[in-house]
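Undergrad: No letters, just coordinates:
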């Protein structure tokens, strides 16, 4: 197998804990062979504040740099400036977006093995003029991708969302047959990429008790069950619809390899309850690997030096694992 390309880590919102967890990941040697897109002064300031034995090396292009222990290679995407700590700021939103955009360009052009994104703040993005609900929508638009889906995973369970960042009312409307099929197919493929030869995909119901035979809603009968049947006809081991209040317990106990959840909180609450420091967010359906930590900007603890880098470290390891699998598939093709 040829040598692995660098992994890109986008800085995230500089007013949040993104720079801190990035520096801590480098200090712990979890981010070796990674390059950060963002503001060099922000990363150096974070190094100084934490008092760790690291230094910033500004690089003009990832092809001309060899990441080395003891340094953080930063590809500048925004000018050096001061950002408020723990506050919504248009400047911070713009800097975060520019770091993501460059990471997408590098990973999408095959010059990086994948992209790990530190947390962004949606209100700051909007204040900077970028009206996106989150990373998933930015990636889908700027990576010229087909249908995408969000997967949240930890050591115990994996879940893929049919709908993501929208109101519950709109999520019900958008949980249609095509969206079910996209989520089921991407869940199956994600498990294959993780080395699971015959993935068992459980599909959660939308309504309480999975509709109770139509008494609590017909979405399970009219939409979800037909999608499961169609997926099975494609050779996917899909089952359900299962009640949303028990399917995750069954998955954690080994009955399923992955759960397709119908809306944001149905899928994220079980994962985050088990500990955000263990969780990782993966965008499925992109032409490159993208992961992120399973937490936000945490403005309440920004600048205090107490942020846990565990979820970012997990996201880096997950990205490397997925990138290696993709490379192996390409070389075997």
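TA: Arrived safely, thanks for sending. Remember, predicted model here, so these are calculated numbers, not experimental data.

Undergrad: Just list the residues touching residue 107, thanks.
TA: By C-beta atoms under 8 Å, 6 or more residues apart in numbering, residue 107 lies in contact with 8, 113, 114, 115, 143, 288, 289, 290. (Each C-beta comes from the backbone N, C-alpha and C, glycine too.)

Undergrad: Show only the entries of these found in strands.
TA: By the criterion of DSSP state E, membership of those in strands covers 8, 114, 115, 289, 290.

Undergrad: Report the contact partners of the closest residue to the second one other than its chain neighbours.
TA: Ranked by C-beta to C-beta, 6 or more residues apart in numbering and with sequence neighbours excluded, the top spatial neighbour of residue 114 is residue 289, at 3.3 Å. Residue 289 is in contact with 107, 113, 114, 115, 282, 319, 322, 323, 326, counting by C-beta under 8 Å, 6+ apart.

Undergrad: all strands in the chain, in order from the N-terminus.
TA: 7-10, 34-38, 55-59, 71-76, 114-117, 149-153, 158-161, 200-204, 237-242, 258-261, 280-284, 289-293.

Undergrad: In CSV: those, plus distance to residue 19 and mean pLDDT.
TA: Written out in CSV, the entries for the strands of the chain read as follows (distance: least, C-beta to C-beta, whole Å; pLDDT from 0 to 100):
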stretch, distance to residue 19, mean pLDDT
strand 7-10, 10, 96
strand 34-38, 8, 96
strand 55-59, 11, 92
strand 71-76, 10, 95
strand 114-117, 13, 96
strand 149-153, 23, 93
strand 158-161, 28, 97
strand 200-204, 36, 98
strand 237-242, 41, 98
strand 258-261, 31, 98
strand 280-284, 19, 93
strand 289-293, 13, 95
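
Undergrad: Test my guess that residue 160 contacts residue 187.
TA: Yes: distance between residue 160 and residue 187: 4.1 Å, which falls inside the contact criterion (C-beta atoms under 8 Å).

Undergrad: Compare the two and say which is more crowded by neighbours.
TA: residue 187 (30 against 27; other C-beta atoms under 10 Å).

Undergrad: how close does that one get to residue 204?
TA: From residue 187 over to residue 204 the distance is 11 Å, taken as C-beta to C-beta, to the nearest Å.

Undergrad: and for these two, which residues touch both?
TA: With contacts taken as C-beta under 8 Å, 6+ apart, the residues that reach both residue 187 and residue 204 are residue 260.

Undergrad: quick one on the thing from earlier: adding distance to residue 45, write the contacts of residue 289 out as a markdown table.
TA: Supplementary listing: the contacts of residue 289 in a markdown table, determined by distance: C-beta to C-beta, whole Å:
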| residue | distance to residue 45 |
| --- | --- |
| 107 | 26 |
| 113 | 28 |
| 114 | 27 |
| 115 | 23 |
| 282 | 30 |
| 319 | 26 |
| 322 | 32 |
| 323 | 30 |
| 326 | 35 |
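
Undergrad: Neighbour-wise, which one of these leads?
TA: Scoring the contacts of residue 289 on neighbours with other C-beta under 10 Å, the highest-scoring entry is residue 115 at 30 neighbours.

Undergrad: Is residue 291 bridged to anything, and to what?
TA: residue 116, residue 282 (DSSP bridges).

Undergrad: List the buried residues in the longest helix anywhere in the chain.
TA: As far as residue count goes, and with DSSP state H defining each element, the longest helix of the chain is helix 310-332. Residues of helix 310-332 classed as buried under the neighbour-count rule (16 or more other C-beta atoms under 10 Å) are 310-316, 318-320, 322-324, 326-327.

Undergrad: re earlier: what sits in contact with each of residue 160 and residue 187?
TA: The contact sets of residue 160 and residue 187 overlap at 149, 151, 258, 260, 284 (C-beta under 8 Å, 6+ apart).

Undergrad: and the second one, what does it touch?
TA: So that's residue 151. Contact analysis of residue 151 by C-beta under 8 Å, 6+ apart lists 158, 159, 160, 161, 186, 187, 190, 258, 281, 282, 283, 284.

Undergrad: and of those residues, the nearest to residue 331?
TA: When those are compared for distance to residue 331, the smallest value, 20.2 Å, is given by residue 190; criterion: C-beta to C-beta.

Undergrad: Show me the helices in the stretch 51-200 of the chain, by range?
TA: Here the stretch 51-200 of the chain has its helices, by DSSP state H, counting those that start in this stretch, at 90-108, 122-127, 135-142, 168-174, 177-193.

Undergrad: Of all these, which one comes closest to residue 217?
TA: Go through these one by one with C-beta to C-beta and the one that ends up closest to residue 217 is helix 168-174, at 8.9 Å.

Undergrad: picking that back up, now distance to residue 85 too, for the ones in strands among the contacts of residue 107, in a markdown table please.
TA: As requested, the ones in strands among the contacts of residue 107 are arranged in a markdown table below (distance: C-beta to C-beta, whole Å):
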| residue | distance to residue 85 |
| --- | --- |
| 8 | 25 |
| 114 | 29 |
| 115 | 25 |
| 289 | 31 |
| 290 | 27 |
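
Undergrad: Tell me, how many residues neighbour the residue lying closest to residue 11 once chain neighbours are set aside?
TA: On the basis of C-beta to C-beta, 6+ apart, the spatially nearest residue to residue 11 that is not a chain neighbour turns out to be residue 38, at 2.7 Å. For residue 38, the number of neighbouring residues by other C-beta under 10 Å comes to 28.

Undergrad: Good, we can wrap up now.
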